[in-house]
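S.K.: generate a structure from the sequence data that follows.
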Amino acid sequence: MYATMSQPNSQSVSQSATQLFKRSFVQPMGGGHAALLVASFLLLVTTHGGGGGGSGDGEFIGKHEKLSGIIIPGFASTQLRAWSILDCPYSPLDFNPLDLVWLDTTKLLSAVNCWLKCMVLDPYNQTDHPECKSRPDSGLSAITELDPGYITGPLSSVWKEWVKWCIEFGIEANAIIAVPYDWRLSPAKLEERDLYFHKLKLTFEIALKLRGGPSIVFAHSLGNNVFRYFLEWLKLEIAPKQYITWLDEHIHAYFAVGAPLLGATETVKATLSGFTFGLPVPEGTARLMFNSFGSSLWMMPFSRHCRTKNLYLKHFSPTSKNGHLSYLCDNHEFQANYSGWPTNIINIEIPSMRGDEAYPSLMTAAHNKTSDMEYGFPTQLSFSAREVSDGTFFRTIADFDPDSQRLLYQLEELYHGDPVLNPLTPWDRPPLKNIFCIYGIDLKTEVGYYYAPSGKPYPDNWIVTDEIYEMEGSLYSRSGNLVEGNPSFASGDETVPYHSLSWCKNWLGSKVNITRAPQSEHDGSDVQVDLGVEHLPETDIIPNMTRSPRVKYITYYEDSESLPGKRTAVWELDKANHRNIVRSSALMRELWLEMWHDTHPDKKSKFVTKATRGPLRDEDCYWDYGKARCAWPEHCEYRYLFGDVHLGQSCRLKNSSANLLSHYV
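M.R.: This is a model prediction of the structure:
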């Protein structure tokens with residue numbers, strides 16, 4: 001709920017933006033979505049697009065460029081609507097054109113078979129079910145609230161409250177551009193069926209004409225994979241000499257939040273035993289649905305040591321038009337264990353018998369229970385990230401699992417044979433001027449699995465017998481036992497392993513400045529700085545800094561003198577969950593400061609200073625019971641307003657946020 005707040009006294013043209021920044025940032029109730037984070041940088045659009053430029057009392061100083069915000073949502077973060085008429089027997093609810101499909105939990109609970117018809121795709125040609133088809137909604141409404149019903153309404157809110165803020169505080173509607181997509185499709189099918197990347201290119205060009213300045217790209221989770229593919233597709237769409245020029249003119253900065261740069265191990269789990277998204281559906285049903293999507297393999301884990309031939313040259317070589325491009329791996333792939341990952345991705349028991357007898361019904365299995373000697377011991381096989389991404393794993397279990405052939409077809413046709421890019425290859429730094437890679441660390445994250453036959457029929461024919469987690473520099477089994485492997489010095493964000501998230505550290509240059517600061521407000525006494533740290537290619541950067549177990553930190557890795565004309569930064573947030581990272585008020589503050597500093601005409605440094613983090617909003621002020629006064633007395637004062645119910649609520653800023661921001665130039 002909104003906190004009861006006083007209205008700022010500023011009479012400047014930026015009053016509405018100041019009010020927005022000083023208000024309490026509402027914490028959304030559900031999902032791993034990026035509503036709050038984007039709200040902070042879109043304040044920049046209002047503040048610096050309004051034309052104010054002086055340094056008078058309470059006024060923000062900024063360039064006259066009018067930036068746009070391009071939002072690329074993540075997996076399962078866009079509404080899908082029915083584009084058919086489907087009569088659902090034994091249910092009073094039918095599907096009619098424009099009815100919600102993803103996500104309508106009412107119809108999911110009352111007519112799950114009908115709902116599945118509108119969700120699943122043909123695994124081979126990615127066409128809709130013959131009886132029902134769904135298409136992504138358009139505009140901000142597609143990402144505002146996934147399920148505006150009574151059952152999960154608050155839990156599925158994505159951008160709803162943020163849009164209210166935009167309306168309430170006068171942010172122009174044309175400054176906010178959502179680019180939703182059908183997250184079920186592979187990248188090539190997105191372009192083939194929906195011309196998605198053509199539309200995305202036009203979106204950037206229209207934003208430039210409309211607002212007069214470049215755009216800020218904000219991508220979360222799978223949205224980063226979509227944006228990467230767009231940049232490669234663009235190389236083939238415009239003249240090579242105009243490529244960099246186009247990027248400089250249309251894209252000011254790229255914020256990659258929670259990007260699975262080398263894939264995520266949870267994708268393998270979803271293909272074998274299903275991922276329910278928290279919905280009340282059986283895992284087997286979720287598996288059937290997930291494996292019908294061409295996008296199900298887009299986030300598969302892959303090796304950092306293996307690449308394909310240059311697909312860009314393929315289009316200009318008459319001898320390489322046909323056939324799939326094979327993986328080319330360097331020596332590190334075969335010298336190191338696990339393809340550079342902490343452990344093998346999948347360990348699976350292969351039954352000693354084949355065919356349908358490998359998966360008897362549950363009742364038959366219980367009735368014919370026999371000893372291992374009679375059937376023979378199963379064979380346990382292990383597969384690395386490379387063996388998952390190149391198809392070795394699916395070929396091996398093809399005789400034991402009906403889905404393997406379908407997944408292998410998708411892997412080879414939609415990814416290995418993609419005419420633009422094989423997404424299952426390591427990222428290079430995009431040729432953009434400003435890149436910020438942001439993710440959470442030090443949470444318990446799955447990095448490997450043990451599977452065995454369950455004795456049940458397909459799609460429940462596999463069962464997880466054990467899981468391997470990374471946690472703060474160590475590997476553990478589900479039972480809590482230590483596991484041997486190659487753990488990183490930190491763990492991931494509960495969904496994507498650290499090994500994948502931190503790949504963007506390779507985009508940093510040879511000299512890096514490292515700063516570690518508490519996430520909460522601080523006076524600079526506990527900020528640790530290490531300047532000019534040597535960074536070798538293909539190696540992680542491990543800060544030599546102290547850590548208090550009671551403090552949550554942000555660790556900043558920022559280019560020093562390397563990569564002329566480019567800015568690259570990596571922000572690691574302690575204990576920030578993949579799906580909830582954007583709920584962090586500290587992250588919203590840092591993003592606001594960075595973008596405000598970035599467009600300030602009098603900035604004195606490449607990146608915003610980290611020396612202090614004083615209160616910038618009334619909500620940052622609180623009552624110090626030990627000293628019987630408001631904390632931060634140089635910035636906060638006791639000022640009671642009607643409706644305050646406790647002392648801390650009556651602590652408010654002395655000066656405007658604009659004046660406080662002047663310390664961060």
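S.K.: phi first, then psi, for Leu208.
M.R.: phi -60, psi -40 (degrees, to the nearest 10).
S.K.: can you pull the pLDDT of it?
M.R.: Looking at Leu208, its pLDDT is 91.
S.K.: list the contacts for it?
M.R.: Leu208 makes contact with 68, 214-215, 249-250, according to CB atoms under 8 Å, 6 or more residues apart in numbering. For glycine as for every other residue, the C-beta is placed from the backbone atoms N, C-alpha and C.
S.K.: so which helix or strand of this protein has the lowest pLDDT on average?
M.R.: helix 362-367 (a mean of 35; mean pLDDT, DSSP states H and E).
S.K.: okay, and the closest residue to Gln405 other than its chain neighbours sits in which element?
M.R.: The shortest distance from Gln405 to any non-neighbouring residue, by CB to CB, 6 or more residues apart in numbering, is to Ala398 (5.8 Å). Secondary structure assignment for Ala398, by DSSP states H and E: no helix or strand.
S.K.: so what does Ala398 have for phi and psi?
M.R.: Per degrees, to the nearest 10, the backbone of Ala398 is at phi -60, psi -30.
S.K.: can you check the one 10 residues further on too?
M.R.: Torsion angles at Leu408 (phi, psi; degrees, to the nearest 10) stand at phi -70, psi -40.
S.K.: give me the nearest residue to it, chain neighbours excluded.
M.R.: If the residues on either side of it in the chain are set aside, Leu408 comes closest to Phe394, at 4.4 Å by CB to CB, 6+ apart.
S.K.: my guess is that neighbour meets Gln410, correct?
M.R.: No - under the criterion of CB atoms under 8 Å, Phe394 makes no contact with Gln410, lying 9.6 Å away.
S.K.: for the protein, give me the ranges with low pLDDT.
M.R.: Applying pLDDT under 70 to the chain flags residues 1-65, 144-173, 309-326, 352-377, 657-658.
S.K.: which ones are touching the residue lying closest to Leu231 once chain neighbours are set aside?
M.R.: For Leu231, ignoring the flanking residues on the chain, the nearest one in space by CB to CB, 6+ apart is Pro430 at 5.5 Å. Neighbouring residues of Pro430 by CB under 8 Å, 6+ apart: 228, 231, 254.
S.K.: how many other residues sit next to Lys433?
M.R.: Lys433 is flanked by 16 other residues according to other CB atoms under 10 Å.
S.K.: can you give me the strands in the stretch 201-350 of the chain?
M.R.: Assigned by DSSP state E, counting those that start in this stretch, the stretch 201-350 of the chain shows strands spanning 215-220, 251-257, 306-307, 328-329, 346-350.
S.K.: can you tell me which of those is most buried?
M.R.: Mean neighbour count (mean count of other CB atoms under 10 Å) peaks for strand 215-220 among the strands of the stretch 201-350 of the chain, with a mean of 25.
S.K.: quick one: strands adjacent to it?
M.R.: strand 68-72 (parallel), strand 251-257 (parallel) (DSSP bridges).
S.K.: pretty sure Ser477 contacts Val464?
M.R.: No - in this structure Ser477 lies outside contact range of Val464 using CB under 8 Å: 11.8 Å.
S.K.: phi, psi of the residue nearest the centre of the chain?
M.R.: For the chain, the residue nearest the mean C-alpha position is Ser221 (1.9 Å; CA atoms, centre = their mean). When quoted as degrees, to the nearest 10, the phi and psi of Ser221 stand at phi 60, psi -120.
S.K.: likewise Asn434?
M.R.: phi -130, psi 120.
S.K.: quick one: the closest residue to it other than its chain neighbours from Arg547, how far?
M.R.: Using CB to CB, 6+ apart and skipping the chain neighbours, the partner closest in space to Asn434 is Ala253 (3.8 Å). Distance, Ala253 to Arg547, by CB to CB, to the nearest Å: 30 Å.
S.K.: same question, Ser273
M.R.: Taken as CB to CB, the span from Ser273 to Arg547 is 36 Å.
S.K.: same check, this time on Ala452
M.R.: From Ala452 across to Arg547, the span is 39 Å (CB to CB).
S.K.: cool, Thr78 as well?
M.R.: 38 Å.
S.K.: also Ala76?
M.R.: Between Ala76 and Arg547 the distance is 35 Å, computed by CB to CB.
S.K.: comparing these two, which residue is more hemmed in?
M.R.: Legend: neighbour count by other CB under 10 Å for Ala76 and Arg547, higher for Ala76 (20 against 13).
S.K.: which element is that one on?
M.R.: Per DSSP H and E, there is no helix or strand for Ala76.
S.K.: just the buried ones out of the contacts of Leu208, please.
M.R.: Among the contacts of Leu208, those buried by neighbour count (16 or more other CB atoms under 10 Å) are 68, 214-215, 250.
S.K.: farthest pair in those?
M.R.: Spatial extent of these (CB to CB) is set by the pair Ser68 and His250 at 9.5 Å.
S.K.: what do these two both touch?
M.R.: 207-208, 214-215.
S.K.: redo those residues as JSON lines? Include distance to Cys329.
M.R.: Converted to JSON lines, the shared contacts of Ser68 and His250 look like this (distance: CB to CB, whole Å):
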{"residue": "Ala207", "distance to Cys329": "40"}
{"residue": "Leu208", "distance to Cys329": "41"}
{"residue": "Pro214", "distance to Cys329": "38"}
{"residue": "Ser215", "distance to Cys329": "37"}
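S.K.: and which of the residues you listed is nearest to Thr609?
M.R.: Comparing the shared contacts of Ser68 and His250 against Thr609 with CB to CB places Pro214 closest, at 24.9 Å.
S.K.: with adjacent residues omitted, what lies nearest to the closest one?
M.R.: Pro214 sits nearest to His252 (CB to CB, 6+ apart), 4.0 Å away.
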